[in-house]
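S.K.: Provided below for reference: sequence and predicted model.
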Amino acid sequence: MSFSDKLKTLRTENKMTQKEVALRLNVARSTIAGYEKKNRQPSHEDLAALADLFHVTVDYLVKDNVISMDNSQCVSLSEKEMQLITSYRKLPSASRELVTAHIHLLEEFDINHKNPQ
């Protein structure tokens, strides 16, 4: 996921407007819009401020194969894992719930298969 996509996702997940983010960074709203539309790149200072604001690392913001875990750790993912996460995020919430339920069923199956009673 690109920086612009991550920024927009973090902003919307935190229920913030572009104007609210801009006020926190002491920049114009159009600057945040430019970051989200890939028209502008943030300075090192703004990257650090965005990472602090959203409790993520700068690596998470700028690297394509890093995801945030527990807002404190980062982990590198394979291309297939990134594709799965990207696909999952594009799903409507009802479909996301079905995917999650299916994963839980698979986990239970694996536990029962490894440890038959």
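M.R.: Received the coordinates, thanks.
S.K.: can you list the residues that contact the lengthiest helix in the chain?
M.R.: Longest helix in the chain, counting residues (DSSP state H): helix 93-114. Outside helix 93-114, the residues that touch it by CB atoms under 8 Å, 6 or more residues apart in numbering are 88, 91. To be clear about C-beta, it is placed using only N, CA and C from the backbone, and glycine gets the same treatment.
S.K.: Quick one: mean pLDDT for that helix?
M.R.: For helix 93-114, mean pLDDT is 88.
S.K.: quick one: that helix to chain centroid distance?
M.R.: 22 Å (CA atoms, centre = their mean, to the nearest Å).
S.K.: what do you get for stretch 5-18?
M.R.: Offset of stretch 5-18 from its chain centre (CA atoms, centre = their mean): 9 Å.
S.K.: So what's the model's average confidence on it?
M.R.: The average of the pLDDT scores along stretch 5-18 is 92.
S.K.: next one: stretch 44-53
M.R.: 93.
S.K.: Export the longest helix of the chain to PDB, keeping only CA atoms.
M.R.: Output in PDB follows, covering the C-alpha atoms of helix 93-114 (Å, rounded to 0.1, in the frame of the first residue of the first chain):
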ATOM      1  CA  SER A  93     -17.700  -4.900   6.300                       C
ATOM      2  CA  ALA A  94     -20.200  -7.800   5.900                       C
ATOM      3  CA  SER A  95     -17.700  -9.600   3.700                       C
ATOM      4  CA  ARG A  96     -14.900  -8.900   6.000                       C
ATOM      5  CA  GLU A  97     -16.900 -10.500   8.800                       C
ATOM      6  CA  LEU A  98     -17.400 -13.600   6.700                       C
ATOM      7  CA  VAL A  99     -13.600 -13.800   5.900                       C
ATOM      8  CA  THR A 100     -12.800 -13.500   9.600                       C
ATOM      9  CA  ALA A 101     -15.400 -16.200  10.500                       C
ATOM     10  CA  HIS A 102     -13.900 -18.500   7.900                       C
ATOM     11  CA  ILE A 103     -10.400 -17.900   9.200                       C
ATOM     12  CA  HIS A 104     -11.600 -18.900  12.700                       C
ATOM     13  CA  LEU A 105     -13.100 -22.100  11.300                       C
ATOM     14  CA  LEU A 106      -9.900 -23.000   9.600                       C
ATOM     15  CA  GLU A 107      -7.900 -22.300  12.800                       C
ATOM     16  CA  GLU A 108     -10.300 -24.600  14.700                       C
ATOM     17  CA  PHE A 109     -10.000 -27.300  12.000                       C
ATOM     18  CA  ASP A 110      -6.200 -27.100  12.200                       C
ATOM     19  CA  ILE A 111      -6.200 -27.400  16.000                       C
ATOM     20  CA  ASN A 112      -8.600 -30.300  15.900                       C
ATOM     21  CA  HIS A 113      -6.700 -32.000  13.100                       C
ATOM     22  CA  LYS A 114      -3.300 -31.700  14.900                       C
END
